[in-house]
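Peer 1: Sequence first, then the predicted structure:
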Amino acid sequence: MLKPIILAISGASGSGKSLFTQNLTLSLEKHEQLVLVLQEDHYYKSQDHIAVADRAKTNYDHPDAFEHDLLLQHLQALCNKQSIDYPSYCYKTHTRLQETQKVQAKPIIIIEGIMLLTQIQLFDYFDLKVFVDTPLDVCLMRRMLRDTQERGRTLDSVARQYEKTVKPMYHKFIRPSKNFADLIVPHGGENFIAVDILGAYLLNQQHGKKNNG
């Protein structure tokens, strides 16, 4: 297999990155099993050394909350056709799980997360950088629904975290990182025109590599 094409999808929490990634993957997989999806959230640092009650105090919307060095190592391995031990993360206990998943590279790798475009050391591995641009009030509503329904959070805790860290960190780190994007996608994960255009581009690039290889 030739070096995979790596696509980074970033944007605010609740912007629709995961849905956009899902729709793009479904579009690409109509052709063949081409895509490996990775989530930056799985690279949150382990907090086993911190009491469970204290883990909620961590600023999860700061670049330092992630182990980007491990992500860099994994991207290097995948580009060299090596497997990786993909970490797992538990949102309820705020720490990494002991279990990992052995995964192999595929021709197209999509990684999505809020801080990807803040990490210049990763840019050499990103063939294309995408920013999903969604109004913050929409992001907040989506985050509240997701965190209360899927992550065992209370509405009050989501609102407090949003005001304390999510919104300030968006303005400090995530919004400025939009300047590094090659493509900005408005309207969130259901922008199917963007899905079709990006999907066609990735397939063309992948077929071009295959034919030139």
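Peer 2: Yes, it's here.
Peer 1: show me where the protein has strands.
Peer 2: Here the chain has its strands, by DSSP state E, at 5-11, 35-39, 84-90, 95-103, 108-112, 128-133, 183-186.
Peer 1: residue ranges with poor pLDDT in the protein?
Peer 2: Where the chain drops to pLDDT under 70, the residues are 1, 31-32, 213.
Peer 1: Where is the longest helix in the chain?
Peer 2: The longest helix of the chain (DSSP state H) is helix 192-212.
Peer 1: Quick check: buried residues in it?
Peer 2: Across helix 192-212, burial judged by 16 or more other Cβ atoms under 10 Å covers 194-195, 198-199, 202-203, 205-206. C-beta coordinates here come from the backbone N, C-alpha and C atoms, glycine included.
Peer 1: Looking at the strands of the chain, which is nearest to Arg151?
Peer 2: Nearest to Arg151 among those is strand 84-90; the distance by Cβ to Cβ comes to 9.5 Å.
Peer 1: helices and strands around that closest one, which ones?
Peer 2: Counting contacts by 3 or more Cβ pairs under 8 Å, 6 or more residues apart in numbering; DSSP states H and E, strand 84-90 packs against helix 68-79, strand 95-103.
Peer 1: Go again with 10 Å.
Peer 2: Strand 84-90 is packed against strand 35-39, helix 68-79, strand 95-103, with contacts defined by 3 or more Cβ pairs under 10 Å, 6 or more residues apart in numbering; DSSP states H and E.
Peer 1: Contact partners for Tyr60?
Peer 2: By Cβ atoms under 10 Å, 6 or more residues apart in numbering, the contact set of Tyr60 is 13, 41, 44-45, 66, 91, 94, 114, 161, 165-166, 169.
Peer 1: Residues touching stretch 69-80, excluding its own?
Peer 2: For stretch 69-80, the external contacting residues (Cβ under 10 Å, 6+ apart) are 3-4, 6, 8, 36, 38, 40, 42-43, 45, 67, 82-87, 103-106, 109, 111, 113, 116, 119, 121-122, 124-126.
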